[in-house]
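*Asks:* task: produce atomic coordinates for the following.
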Amino acid sequence: MISKRNDRIGKTILLTGASSYVGARMYLDLKDKYRTIGTYFHHPLSKRFVQLNLTSKEAVQRIFHELTPAVVIHVANYPSGKNAINNEEDFIALNGKSTKYVVESANEIGAKVIFISSQAANNPNDLYGKLKVTSEDQVKSVHAGYLILRPSLIVGLSPNTINDRPFNRILRCLEDRVKIAEFDTSWKLQPTYLGHLSQIIDRVILGNEWNKIVPVFIKEIVTQYQIAHDILSRFRVNVNPIDLHLRIPLSKDDVTNFEALDLSPHSYHEMIETIIGEIKNRKMFSFSE
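*Replies:* Numbers count the residues shown, from 1 in each chain. Okay, here's the model as predicted:
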């Protein structure tokens, strides 16, 4: 069912994985700006979502030809290489083959494709990173235009607070009313604010500026421990450091294009304040439909 909202581009946006941590926030951010249809596989967060098995070429073709979206935002992927353990066949099907089917069907109907990739594409030393590289190459063959977003570790409130994502682990400490939590200090990272993804998409669609890769992260170097501490301490939860011996290199991506967008929040400190505000007003980050 298509929402009767302010339609800024006159056609439909199809958002795959709309029940996921990233996809649910994107749907929430975009649904009042565009005519947005979300898809799910097993567990719909909204009654409006359309069921779609992205690992079936025929199912993807049918939905694309039935809905004829102008833009497809492809979010649905396993979020980590850990998901490939004892699950390699399904992992390859979703993180690899589904992108191929999305691109082929998009080209059949003349749709643009936005792909949520990862900084792992810069370091394809595991199956997750290798499939991100392969998917990026496939997305570049979209005839009507493409946008590839490369986030780092993503933080920010989503309507999906259930999936085991780094930010949801922080949120769970509040929901479970823990007094002391532990978070990793070994991974030196540049965090991605979840809300920036839909902000960039909005800018690109309205500006009609396609065929580019945009790394999405704030330049300050922090750890998961620092992020958790800076958020949870405001809610009187103590956070202890733990060294998980993660050795993930910093991004080498040029962030000039990202910084030129001048998105809010601009800095790590502003991001933390924004997220604390989201947590305090979390009822605004749920689906009412």
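*Asks:* what packs against the lowest-mean-pLDDT helix or strand in the chain?
*Replies:* Least confident helix or strand of the chain, by mean pLDDT, DSSP states H and E, is helix 256-260 with a mean of 90. Applying 3 or more C-beta pairs under 8 Å, 6 or more residues apart in numbering; DSSP states H and E, we find helix 256-260 packed against strand 212-216. C-betas here are computed from N, CA, C, even on glycine.
*Asks:* skip ahead from the strand it packs on and say which helix or strand is next.
*Replies:* Using DSSP states H and E, the helix or strand that directly follows strand 212-216 along the chain is helix 224-232.
*Asks:* and that next one, what's its mean pLDDT?
*Replies:* Averaging pLDDT along helix 224-232 gives 98.
*Asks:* so what touches that helix?
*Replies:* The contact list for helix 224-232 (C-beta atoms under 8 Å, 6 or more residues apart in numbering) reads 153, 155, 166, 170, 173-174, 181, 183-185, 187, 189, 191, 238-239, 241-242, 272, 275-276, 279.
*Asks:* same check, this time on stretch 133-149
*Replies:* By C-beta under 8 Å, 6+ apart, stretch 133-149 touches 74, 95-96, 99-100, 103, 106-107, 110-117, 121, 124, 197, 200-201, 204, 210-214, 216.
*Asks:* now do the buried residues in that stretch.
*Replies:* Of all the residues in stretch 133-149, those buried under the rule 16 or more other C-beta atoms under 10 Å are 133-136, 138-139, 142, 144-149.
*Asks:* you'd agree L28 is in a helix?
*Replies:* Yes: assessed with DSSP: H, G, I helix; E, B strand; the rest coil, L28 lies in a helix.
*Asks:* show me what contacts the residue nearest to it when sequence neighbours are not counted?
*Replies:* Nearest-residue entry for L28: P159, 5.7 Å, with adjacent residues in sequence omitted and distances by C-beta to C-beta, 6 or more residues apart in numbering. Neighbouring residues of P159 by C-beta under 8 Å, 6+ apart: 24-25, 27-28, 45, 285-287.
*Asks:* residue ranges of the strands in the stretch 1-150 of the chain, please?
*Replies:* Ranges of strands in the stretch 1-150 of the chain, per DSSP state E, counting those that start in this stretch, are 12-16, 35-40, 50-51, 71-74, 112-116, 146-151.
*Asks:* which of those strands sits most buried?
*Replies:* A comparison of these by mean neighbour count, using mean count of other C-beta atoms under 10 Å, puts strand 71-74 on top with a mean of 27.
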